[in-house]
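Trainee: next come a sequence and a model predicted from it.
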Amino acid sequence: AQSVTQLDSQVPVFEEAPVELRCNYSSSVSVYLFWYVQYPNQGLQLLLKYLSGSTLVESINGFEAEFNKSQTSFHLRKPSVHISDTAEYFCAVRENSGNTPLVFGKGTRLSVIA
Amino acid sequence: DTAVSQTPKYLVTQMGNDKSIKCEQNLGHDTMYWYKQDSKKFLKIMFSYNNKELIINETVPNRFSPKSPDKAHLNLHINSLELGDSAVYFCASSQVLAVYEQYFGPGTRLTVT
């Protein structure tokens, strides 16, 4: 079974400052990794994913995450945040075989302060 | 067009009642899911259906019964509602054997009083 740990439940950061949201996972098999974002009163949207290949993956809105197998981590970063990035961010993992469900971390609330 | 839709968006009801939440996807996906998000925002899988067949059934009380009339729909029926059932319920869908994105609906906020 897989598990995901998001070490920070809340991260306040000033606008235009960099941010890192941490995610560590545990699994006995190979996995795929995802970051989802949930804006207030909305459903989840996929932000980015790691399936294979390059360990650094990027989203269209400036976020990036790096898969580190030795540290079993998939931290999310952005060099300069905007007010509109305020949201709940969920790291998720699933086995890389079969039609298995996503296992989510408990989420990190990113609050961008003007 | 909405890819994954859920109705209703809000549901307020009393303990002991029976209620249903409907989910529809127009993406042509074969697999659909129900997730529960509790008051602390923790998301957990409840059920998964593949082509109308139940393939994942996590430890969920028998009061919860999913029904998939066709592969585009996955409804959730809850009997004898309890206070602890208050949560946001999300429906999602994905391609069969796709390792890619699960598309989520907007959620149904269920409040049991």
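Mentor: The structure has been received and is ready for your questions. Residues are numbered from 1 along each chain as shown, chains lettered A, B, ... in the order given.

Trainee: so where's chain A shaky on pLDDT?
Mentor: Within chain A, the stretches with pLDDT under 70 are A:98-99.

Trainee: for chain A, just list every one of the strands.
Mentor: Secondary structure of chain A by DSSP state E: the strands cover A:3-5, A:10-14, A:19-21, A:24-26, A:31-38, A:44-50, A:56-58, A:64-68, A:73-78, A:87-95, A:103-104, A:108-113.

Trainee: run the chain-centre distance for stretch B:31-47.
Mentor: Between the centre of stretch B:31-47 and the centre of its chain there are 8 Å (Cα atoms, centre = their mean, to the nearest Å).

Trainee: report the buried residues of it.
Mentor: Going by neighbour count (16 or more other Cβ atoms under 10 Å in any protein chain shown), the buried part of stretch B:31-47 is B:31-37, B:41, B:43-47. Yep, even glycine has a C-beta here, placed from its N, CA and C like the rest.

Trainee: rewinding a little: want to try CSV for the strands of chain A, with distance to chain B as columns?
Mentor: Listed next are the strands of chain A as CSV, based on distance: least, Cβ to the nearest Cβ, whole Å:
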stretch, distance to chain B
strand A:3-5, 10
strand A:10-14, 11
strand A:19-21, 14
strand A:24-26, 15
strand A:31-38, 5
strand A:44-50, 4
strand A:56-58, 13
strand A:64-68, 14
strand A:73-78, 15
strand A:87-95, 6
strand A:103-104, 4
strand A:108-113, 8
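
Trainee: select, out of those, the one closest to B:Glu58.
Mentor: strand A:103-104 (10.7 Å; Cβ to Cβ).

Trainee: okay, which residue is most central for chain B?
Mentor: The residue lying closest to the centre of chain B (Cα atoms, centre = their mean) is B:Trp34, at 3.2 Å.

Trainee: does that residue really touch B:Ser68, like I thought?
Mentor: No - counting by Cβ atoms under 8 Å, B:Trp34 sits too far from B:Ser68 to count as a contact (10.5 Å).

Trainee: quick check: neighbours shared by the two?
Mentor: Taking Cβ atoms under 8 Å, 6 or more residues apart in numbering or on different chains as the contact rule, B:Trp34 and B:Ser68 both touch B:Leu74.

Trainee: give me every residue that touches A:Arg109.
Mentor: By Cβ under 8 Å, 6+ apart, the residues touching A:Arg109 are A:Ser9, A:Gln10, A:Val11, A:Ala87, A:Glu88, A:Tyr89, B:Lys41.

Trainee: before I go, just wanted to say thanks for your time.
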